[in-house]
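Kindly generate the corresponding structure for this input.
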Amino acid sequence: MTDLRTESRLTRTSAGTMATGSRTSITSTSSRRQRRLVRAIVRAADIWRVVVAAVVGAVRWAGRTVRPAGALVAVAATAGLLLGVAFGWIEWMVAGAVSLALLVMSVPFLFGARAYDVDLALTHERVVAGQGVTGALVVRNEGSRLALPGRLDIPVGRGLVEFGVPLLRPGQSVSEPLEVPALPRGIVRVGPVTTVRSDPLGLLRREHAFDDVHDLYVHPRTVGLPSTSAGLIRDLEGNATRRLVDADMSFHAIREYVPGDSRRQIHWKSTAKTGRLMVRQYEESRRSRMAVVLGVADAEFLDGDEYELAVSAAASLGLRAVRDARDVAVVTGSEIPRVVKGRLRAVRNVATVTPRAMLDGFSALERFENTMAVEDVCRLTSEANERLSIAFVVTGSLVPVARLRQAALAFPADTAVAAVVCDERAHPRMQAVSGLTVLTIGTLDDLAGLLVRGATS
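Residues are numbered from 1 along each chain as shown. As a prediction, the model looks like this:
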């Protein structure tokens, strides 16, 4: 009886073991199938990404390489061959075959676009408006094979200068002079030099741009002005002002001591005579501070030539002040987004550390449609610069005298304000309007003449 029970338990245990093994085998098979499925999906996704990237790259390459004429020939080749084979039209087949042959023969002309080593050099990085600049372009074949004739394009601002490159042997170089014509004021980007490969029919085109780029600063025209220590600017450096202080160089008077005065300023002889503490009082001597405010709003100038005259006048004034080693601030309006116009105030300060840095800043100035009026720029300039001796406000002919008065009132009462109105249609003149000196100039030389007249008057 006992043996039967033991046999029964063994039988059940064996059956359970077989069932468990069967389930484990089924689970293992299912897991392998899932892993294979996941690997297949991942592989398919990778292949899809590669195909998409290849298609996108091909489309971009075609967009850069195939010209409109090449696209027309490609369409003619495709349509001619398909229609010729489908309908048995010999003429269409010939037209398609010829078009395809033209495309195939155009491909070799694209080779060698990267075989060149190009060196672009300019004789000057800074010129004056109205002047050109020269340079040199050296092209060398760095490859181990012949470089077919090609073309180099050099962007100069919005223009383009083209050079033809002859057949070059390996290691051979050729030098070509570069002449850039007269340029207007601004920062002109010269480069990058681009090699251009194209077939004679203009079906395909391949370009390669180099990294050699030059920023050419075209400074505004300036004129020599009399020293800012003469003429309209009579606040000589170190001269005493009307402001009274407790300690300085220019003695003013002796007054009675009040609490808070420094005991070092007590005048003991006067104290002994009067029996009361007496102190010295001085007139403040200060270094001359000058501001040049340039309006840049479109509505303040008649045209672009008038604006360029204003830029040149402001640059001449600032240059004179920097050369006289005076503290000068050159301030212009800044562009304001239309959505916040009227709620945002923004100005731009031109660097005045050196004459070169200041003229570089003037090269980058532009007119703006959405910017602050010149009188508002004067207000911000007065708030940011304390104790100004004199301020020049340079603007166009469309600013009336009433606005010039508002600009002058933005400065402290002890600041001399002179407005320079640029009007190419007017004769040069100088007039005083309610404590404001207005200089009207038609040319840049008129500014020097008026300042000299002020120095001798």
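
Provide a list of residues in contact with T222.
Under the criterion of CB atoms under 8 Å, 6 or more residues apart in numbering, the neighbours of T222 are 128, 312, 315-316, 319, 359, 444. For the C-beta atoms, the positions are set from N, CA and C on the backbone; glycine is no exception.

so what's it scoring on pLDDT?
Model confidence at T222, expressed as pLDDT, equals 95.

and what of W92?
For W92, pLDDT reads 87.

What's the local residue count around R379?
20 (other CB atoms under 10 Å).

three-state assignment of it?
Of the three states, R379 takes helix under DSSP: H, G, I helix; E, B strand; the rest coil.

Now it: closest residue in space, sequence neighbours ignored.
Nearest non-adjacent residue to R379, counting by CB to CB, 6 or more residues apart in numbering: A410, 4.1 Å away.

Point out where the stretch 251-400 of the chain drops to low pLDDT.
Residue ranges of the stretch 251-400 of the chain with pLDDT under 70: 251-252, 282-288, 340-342.

which residue ranges form the strands in it?
All strands of the stretch 251-400 of the chain, identified by DSSP state E, counting those that start in this stretch, fall at 278-285, 289-294, 327-333, 347-350, 390-396.

Sheet partners, orientation included, of the shortest one?
Take DSSP bridges as the rule and strand 347-350 pairs in its sheet with strand 327-333 (antiparallel).

mind checking how far the strand it pairs with is from the chain centre?
With CA atoms, centre = their mean, to the nearest Å as the basis, strand 327-333 stands 19 Å off its chain's centre.

picking that back up, state the pair within the contacts of T222 that is farthest apart.
Taking CB to CB as the measure, the contacts of T222 span a maximum distance of 14.6 Å, between L359 and L444.

More neighbours: the two, which one.
For L359 and L444, the more surrounded residue by other CB under 10 Å is L359, and the numbers stand at 23 against 18.

Let me know how buried A313 is, in neighbour terms.
Around A313 there are 29 other residues, counting by other CB under 10 Å.

The one 4 residues further on too?
The local packing of L317 (other CB under 10 Å) involves 27 other residues.

Mind checking which of the contacts of T222 land in helices?
Secondary structure defined by DSSP state H assigns 312, 315-316, 319, 359, 444 of the contacts of T222 to helices.

Distance to I187 for those - can I get that in a markdown table?
Formatted as a markdown table, the ones in helices among the contacts of T222 follow (distance: CB to CB, whole Å):
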| residue | distance to I187 |
| --- | --- |
| S312 | 16 |
| A315 | 15 |
| S316 | 20 |
| L319 | 18 |
| L359 | 11 |
| L444 | 21 |
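
Tell me the one of these nearest L365?
Using CB to CB, those come closest to L365 at A315, 9.2 Å.

Quick one: residues contacting the closest one.
219-220, 222, 358-359, 362.

was I right about A448 contacting P226?
Yes: the criterion here is CB atoms under 8 Å, and A448 meets it with P226 at 7.3 Å.

shared neighbours, those two?
Shared contacts of A448 and P226, defined by CB under 8 Å, 6+ apart, are absent.

and the residue lying closest to E300 once chain neighbours are set aside, how many neighbours?
Closest residue to E300 apart from its sequence neighbours, by CB to CB, 6+ apart: G396 at 4.5 Å. By other CB under 10 Å, 24 other residues sit near G396.

Touching, G396 and E306? I think so.
Yes: counting by CB under 8 Å, E306 is a contact partner of G396 at 5.2 Å.

how near is T271 to S262?
14 Å (CB to CB, to the nearest Å).

nope, F163 is what I meant
74 Å.

more neighbours, those two?
When F163 and S262 are compared for neighbours, F163 comes out ahead with 18 against 11, by other CB under 10 Å.

Shouldn't the more buried one be within a helix?
No: counting by three-state DSSP, F163 falls outside a helix, being strand.

Need the three-state assignment for the closest residue to it other than its chain neighbours.
Of all residues not flanking F163 in the chain, L152 sits nearest, at 4.4 Å (CB to CB, 6+ apart). With three-state DSSP as the basis, L152 sits in strand.
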